[in-house]
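**Student:** Predicted structure and sequence below. I'll ask about it afterward.
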Amino acid sequence: MPVAAPAKPIRREAPEEPVLAVDAVSVRFGQQDVLRDISLDIPCGQTLVVLGESGCGKTVLLKTLIGLVRPTGGEVRFEGRSLGGLSERELAQLRTRYGFVFQNAALFDSLTIADNIAFPLREHTRIGAAEVATIVDELLAEVGLPRSAARKKPVQLSGGMRKRAGLARALALDPPVLLYDEPTTGLDPIMSDVINELILKVRAREGVTSVVVTHDMHTARKVADRIIMLYPLFRLAADEPQIVFDGTPSDLEQSRDPRVRQFVEGRAGARLTELRGEQAAEDHDAAEESP
């Protein structure tokens with residue numbers, strides 16, 4: 001049943017247990033393992049950045065935190081409550097306590113920006129139209145969008161403006177947890193830094209916990225309290241942990257792990273040779289399968 005949501009950010013006391021706990025989580029799609037034995041505690045108020053190359057499972061991990069992907073092993077707990085034991089209806093209600101900023105904003109094309117931002121309020125609360133309009137105006141101002149943007153459709157806005165509108169929508173229910181999936185992808189350096197500044201602004205809200213999935217080192221260095229780095233399973237031995245780094249941004253700069261250094265410094269190293277080898281193997285397999 002819908003419940004009333006506060007128009008203003010509320011003060012939250014930090015819980016003793018982590019807001020999010022990932023306990024030995026593994027995810028497999030068919031025969032492909034994507035995550036293996038991931039364990040992670042995220043305390044209240046922390047901004048965690050998840051780094052890693054494409055295909056290492058960053059977005060899959062993010063989706064397990066909100067119950068969009070069910071683990072094939074292990075469990076995820078939100079404020080001590082296991083997501084695996086919840087029905088779809090209970091999960092839907094729980095998700096109102098998360099804000100999800102999608103990589104491509106994921107706005108409704110047929111709605112105005114104002115209606116996109118207001119959508120969670122109308123869907124999950126009973127507050128009146130005048131208060132909804134006030135909240136929308138406040139959120140537009142918070143993410144730096146002009147009031148004139150409210151009347152426009154997503155297609156009429158730039159990529160950066162759509163990302164900011166997506167953030168405003170994610171903040172509409174004043175959630176205690178914000179999840180960002182590649183928030184600066186496709187943006188120029190200046191607009192990317194605008195998004196970074198907004199992430200920092202959201203972090204300053206009382207008791208907000210953030211998880212930011214990115215491959216952008218500038219974003220990681222600027223917004224993170226803590227960074228973890230995932231590594232693709234196919235490049236690891238069976239007994240190697242998939243989280244190859246867990247520490248502060250300063251710790252990351254000092255890490256001597258060659259896998260971490262290669263990513264941080266953006267060096268291809270031997271990867272191009274490996275990719276050519278993988279392509280040659282695929283071509284060979286395809287040739288053998290053809291009549």
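**Tutor:** It's in.
**Student:** And the helices in the protein?
**Tutor:** Secondary structure of the chain (DSSP state H): helices at 58-65, 88-94, 113-124, 129-142, 159-171, 189-203, 217-223, 249-254, 258-265, 271-289.
**Student:** how many neighbours does the closest residue to V25 other than its chain neighbours have?
**Tutor:** Nearest non-adjacent residue to V25, counting by CB to CB, 6 or more residues apart in numbering: G74, 3.8 Å away. Every C-beta, even on glycine, is put in place using the N, C-alpha and C of the backbone. Neighbour count for G74, taken as other CB atoms under 10 Å: 18.
**Student:** In the stretch 151-291 of the chain, where is pLDDT below threshold?
**Tutor:** For the stretch 151-291 of the chain, the stretches flagged by pLDDT under 70 are 269-291.
**Student:** quick revisit: and among the helices of the chain, the most buried is which?
**Tutor:** Mean neighbour count (mean count of other CB atoms under 10 Å) peaks for helix 159-171 among those, with a mean of 24.
**Student:** ok, and what's touching that one?
**Tutor:** Helix 159-171 is contacted from outside by 99-102, 105-107, 113, 116-117, 119-120, 136, 139-140, 142-145, 149, 154, 157, 178, 183, 186-188, 191, 194-195, 198, 202, using CB atoms under 8 Å, 6 or more residues apart in numbering.
**Student:** CA-only coordinates of it, as PDB, when you get a sec.
**Tutor:** What follows is helix 159-171, C-alpha atoms only, in PDB (Å, rounded to 0.1, in the frame of the first residue of the first chain):
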ATOM      1  CA  GLY A 159      22.800  13.900 -22.500                       C
ATOM      2  CA  GLY A 160      24.100  15.800 -19.400                       C
ATOM      3  CA  MET A 161      20.700  17.300 -18.700                       C
ATOM      4  CA  ARG A 162      19.000  13.900 -19.000                       C
ATOM      5  CA  LYS A 163      21.500  12.400 -16.500                       C
ATOM      6  CA  ARG A 164      20.700  15.200 -14.100                       C
ATOM      7  CA  ALA A 165      17.000  14.700 -14.600                       C
ATOM      8  CA  GLY A 166      17.500  11.000 -13.900                       C
ATOM      9  CA  LEU A 167      19.300  11.900 -10.600                       C
ATOM     10  CA  ALA A 168      16.500  14.200  -9.600                       C
ATOM     11  CA  ARG A 169      14.000  11.400 -10.100                       C
ATOM     12  CA  ALA A 170      16.200   9.000  -8.100                       C
ATOM     13  CA  LEU A 171      16.100  11.600  -5.200                       C
END
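**Student:** what's the closest of the helices of the chain to L20?
**Tutor:** Nearest to L20 among the helices of the chain is helix 58-65; the distance by CB to CB comes to 5.8 Å.
**Student:** neighbouring contacts of that closest one?
**Tutor:** So helix 58-65 is contacted by 20, 22, 25, 27, 34-35, 38, 50-52, 69-71, 76, 78, 98, 103, 177, 179, 181-182, 211, 213, 215, 230 (CB under 8 Å, 6+ apart).
**Student:** thinking again about what came up before, list just the one of the helices of the chain that sits closest to F234.
**Tutor:** The nearest among these, by CB to CB, is helix 271-289 at 9.5 Å.
**Student:** Kind regards, and thank you for your time.
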